[in-house]
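S.K.: I would like the atomic coordinates for the input below:
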Amino acid sequence: MSSKRRAAGHAGAGPIEAGGSIAVTVHEQDSGRVVVNAAISLYRRGSADCAGFEPANWLADPAMLVGVRWTDGGGGTVFSQLPPGAYVGVYGNYPTTAPQCVQVQAGCAATLCFQPQLNPQVELVFENSDCQPSDCSYGRVGDRAVATVTFDGDQSVDGRTLVQVLAASPWTPLRGKANMFSTPVRRAGMHRFAAQVMLSQRPEMRSLLPTPEGLTPNAMLAVDAEYDTEERQPTPISGNLGVSLTRTETEPTEDLPLWTLIRNSTEAMSFTNYLHFMDSLFCGDLGSVRGFEEGRFARKADAFQSLKQRRALPFSDADSYRVLKVATEAFVMVNCGVLNQPLAFNLAEDNAYLDRRDIPQGRDLETVLRNDYLENIDGFQTLPYLAVIRRKLPDIPISIPRGQEGEVDVCFGIIQEKLANPCLLELIWSYWHEEGMLVQTMNAIAQRFQNLRAPGSQLDPLANTEIDTLRPLNNLLWGYTQDEQHRLTVMRRNYEYDHHYGVRLDGKAVQHFRPADSHSKFLEAFHHLLRLLTSFYKQDDDTTVKADAFPVLNALKEIHLILSQGASNQFGDLPSTARIEMLMQQWMLARPEFREFLPTRVMVAYPEGWMDRVDAMKKLQGWTDTSVVHFRSLAIFGEQLLLSVRYGNWSDIYEPTQAFNWARFWRPQVQGYIHAYRAVTGVDLSAKAGDPAIEATMPSVLLRQRMNQQLRSV
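M.R.: This is a model prediction of the structure:
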């Protein structure tokens, strides 16, 4: 059975001995079409048989609930291992259908057949170019086909619509007209209208159906209709004719929702949203929390309260720092999960973004994600790439969190949360912020707080700065300094940078570097992809050329392989720990006290409040004069691009359509990364003739060369 639903058993049902089974089917009464994802709940009847059962008078008793199943693609599901007795099956979606009683005997299979009556009908009409109804029963090229889906009976209760129709591409809904769709007739021949009728959960059943978190309660019924079109007779015209060309057409693919979630989730992890969360949590300012972040705020606040009871520091007088650390961890935990509820979709903004990229929208992104893209494995939905990994480890059990604290047994197994809701973070975000001197800036301030002179320096640039301006932050800086032993060291991060991407830091603190497993081919492959994309965009902008996406697809498959090879050891934990620590550093640097401590430039419009402090420190210390703004761009764009490559199932894709859409979808990020990389390293990845040796050179080496050149020019 290939159902996309997992069973939700009743916690109080107790052990079930081997017995009979009940096979359930759901078909629409008039058309005979199967109903998919219909919720079927099964209740144990008090009596041993169905004698005296009256559907109209029967009331569901939650204590007698045996379980809930959802019908699969064939409209069926099975309740197995049932003790002998009488059972009542309930169809939980619209339209209302009477419950049915069936008797189960040991070793026998009983059947239940629900036939909800909706009688969906598709009416097709045609309109000419003047939006006037056509007199013909068939369409002609240039007309507009209009489809209306009708049903028997009223489809709303208390003003709430219980039936919604989603039409497949290229049909688009007509604004202000329910269940009406249109599409232009572009060619002659047979055409097909196809749609999914979404049947909402019946209002009276909501409290009785234990719908698992993250799963939609809608059932689905497919409807379609075919129609014929003919060529329009040519009409002679004269005069001046205007001709325009458009970009190459493409079609929506199933991975568009994943890229949208990655884009929205990484933006939700931005410092601006982090600052809003901290203000909302500690200052009660909820005005800045909007969209899906508003729905997640309660979860982040709950995670904060839960973690606050479990996180402690082994030294005294550090409550302010401990609370900051716990709040940051809660923010990262809730926002890094790409499948966290509510999903990070924003209908208006997402559709506008796709429209600007000339990518057709097709169906609703959330519907495509749940019904077409995610795969069912071990009773829950996960990304196709992670499903492949799970199938390679069939002998390893799944550890399910238990209790209020979400603890798992420390036995041999895979934690379910890692598969069902993976935390999507890329360590390249931390790498570029570290190259931008974020960590070094905070280290210099911590040394000055401890009255330590900078190592290897006869004249400390911070020796004459007045530390008294940081008095309001004394307790935070005290906790930060005391907690140094529990933070990641620069050497730990450096080894992991090399393990993930084959890049490393350069300096005295990372000398005697001896990695065991370095993926040195990543940088060359990634820059090769960026150069291919530059050529692809030039072709794609030329309306007389169909851009070739096969080279892009091959480059994506190569990078996906390299990235997957580095997904081991500290991969699951170090990136999130590094993100938490660096977000805390950014938050402390963004405090207004540092504006007085460091000679910042107020008139420069930095996008985030901590950035002018880092640039000011770089100026004092004589470090690189490249603004941290460019390093931040590399971090944000690099993370989004690599997440879409790492977690896409590229190894199993052979058609170029997905690569074509990927290149268009991520064009702003690609071109932003190329520009920032040139500003930071001086290497232009968009030049026609590149130097493979220079492009494969680690950024830290290029930065040191530019630094030496900067010192010589002084």
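
S.K.: can you pull out the strands in the stretch 101-250 of the chain?
M.R.: All strands of the stretch 101-250 of the chain, identified by DSSP state E, counting those that start in this stretch, fall at 109-114, 121-127, 139-140, 144-150, 156-157, 160-161, 163-167, 172-173, 180-184, 189-199, 219-230.

S.K.: Present the ones you listed as CSV; the columns should include distance to T544, mean pLDDT and mean neighbour count.
M.R.: In short, each C-beta sits where N, CA and C put it, glycine included. Below are the strands of the stretch 101-250 of the chain laid out as CSV (distance: least, C-beta to C-beta, whole Å; pLDDT from 0 to 100; neighbours: other C-beta atoms under 10 Å):
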stretch, distance to T544, mean pLDDT, mean neighbour count
strand 109-114, 56, 92, 17
strand 121-127, 32, 88, 16
strand 139-140, 29, 81, 20
strand 144-150, 28, 89, 18
strand 156-157, 51, 70, 12
strand 160-161, 46, 74, 11
strand 163-167, 33, 87, 20
strand 172-173, 28, 87, 14
strand 180-184, 23, 89, 17
strand 189-199, 27, 88, 18
strand 219-230, 28, 87, 18
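
S.K.: Any idea which of these gets closest to G507?
M.R.: strand 163-167 (55.6 Å; C-beta to C-beta).

S.K.: quick one: contacts of the closest one?
M.R.: 94, 118, 147, 149, 151, 155, 173, 179, 181, 193-200, 218, 223, 363-364, 367 (C-beta atoms under 8 Å, 6 or more residues apart in numbering).

S.K.: now do 10 Å
M.R.: Applying C-beta atoms under 10 Å, 6 or more residues apart in numbering, the contact partners of strand 163-167 are 93-95, 118, 120, 122, 147-149, 151, 153-156, 171, 173, 178-183, 193-200, 218, 220-221, 223, 362-364, 367-368.

S.K.: circling back: relative to N661, which of the strands of the stretch 101-250 of the chain is closest?
M.R.: Here strand 172-173 is closest among the strands of the stretch 101-250 of the chain (C-beta to C-beta), at 18.9 Å.

S.K.: Off-centre distance for the closest one?
M.R.: Strand 172-173 has its C-alpha centroid displaced from the chain centroid by 25 Å (C-alpha atoms, centre = their mean, to the nearest Å).

S.K.: Report all helices and strands that that strand contacts.
M.R.: strand 163-167, strand 180-184 (3 or more C-beta pairs under 10 Å, 6 or more residues apart in numbering; DSSP states H and E).

S.K.: Which element, helix or strand, includes the residue nearest to S627 when sequence neighbours are not counted?
M.R.: Nearest non-adjacent residue to S627, counting by C-beta to C-beta, 6 or more residues apart in numbering: D615, 5.8 Å away. Using DSSP states H and E, the element containing D615 is helix 611-621.

S.K.: now swap in A516 and tell me
M.R.: Going by DSSP H and E, A516 is not part of any helix or strand.

S.K.: ok, now which ones touch M198?
M.R.: 37, 93-94, 161-166, 216-221, 364, 367.

S.K.: and it, how far is that from N179?
M.R.: 11 Å (C-beta to C-beta, to the nearest Å).

S.K.: all helices for the stretch 151-300 of the chain, in order.
M.R.: Here the stretch 151-300 of the chain has its helices, by DSSP state H, counting those that start in this stretch, at 256-268, 271-283, 292-310.

S.K.: buried stuff in the very next helix or strand once past the longest one?
M.R.: What that stands for is helix 292-310. Per DSSP H and E, helix 292-310 leads on to helix 319-336 as the next helix or strand towards the C-terminus. The neighbour-count check on helix 319-336 (16 or more other C-beta atoms under 10 Å) flags 320-336 as buried.

S.K.: Following the chain onward from the helix holding D615, which element is next?
M.R.: Assigned by DSSP H and E, the successor of helix 611-621 is helix 628-646.

S.K.: tally of neighbours for T465?
M.R.: Neighbourhood size, T465 [other C-beta atoms under 10 Å]: 16.

S.K.: for Q709, same thing?
M.R.: 10.

S.K.: which strands and helices sit next to the helix or strand it falls within?
M.R.: Taking DSSP H and E as the definition, one finds Q709 inside helix 699-712. On a contact count with 3+ C-beta pairs under 10 Å, 6+ apart, helix 699-712 meets helix 428-435, helix 490-501, helix 628-646, helix 667-681.

S.K.: mean confidence score for the second one?
M.R.: Looking back up the chat, that one is helix 490-501. Averaging pLDDT along helix 490-501 yields 92.

S.K.: before we move on, what about the first one?
M.R.: Across helix 428-435, the average pLDDT comes to 95.

S.K.: Now do that helix against helix 628-646: the angle between them, please.
M.R.: 160 degrees (axes from the mean of the first three to the mean of the last three C-alpha atoms, to 10 degrees).

S.K.: so what's D358 up against?
M.R.: Contacts of D358 (C-beta under 10 Å, 6+ apart): 246-250, 540, 661, 664, 667.

S.K.: redo that, cut-off 8 Å
M.R.: Counting by C-beta under 8 Å, 6+ apart, D358 has contacts 247, 250, 664.

S.K.: Surely the first one and K546 touch.
M.R.: No. Using C-beta atoms under 8 Å, R247 is not in contact with K546; the gap is 9.8 Å.

S.K.: distance of the residue nearest the centre of the chain from V163?
M.R.: By C-alpha atoms, centre = their mean, the chain has its centre lying nearest to L261, at 3.0 Å. According to C-beta to C-beta, L261 stands 27 Å off from V163.

S.K.: Next, count neighbours for I467.
M.R.: Neighbour count for I467, taken as other C-beta under 10 Å: 14.

S.K.: Ok, K619 next?
M.R.: So K619, with other C-beta under 10 Å, has 15 neighbours.
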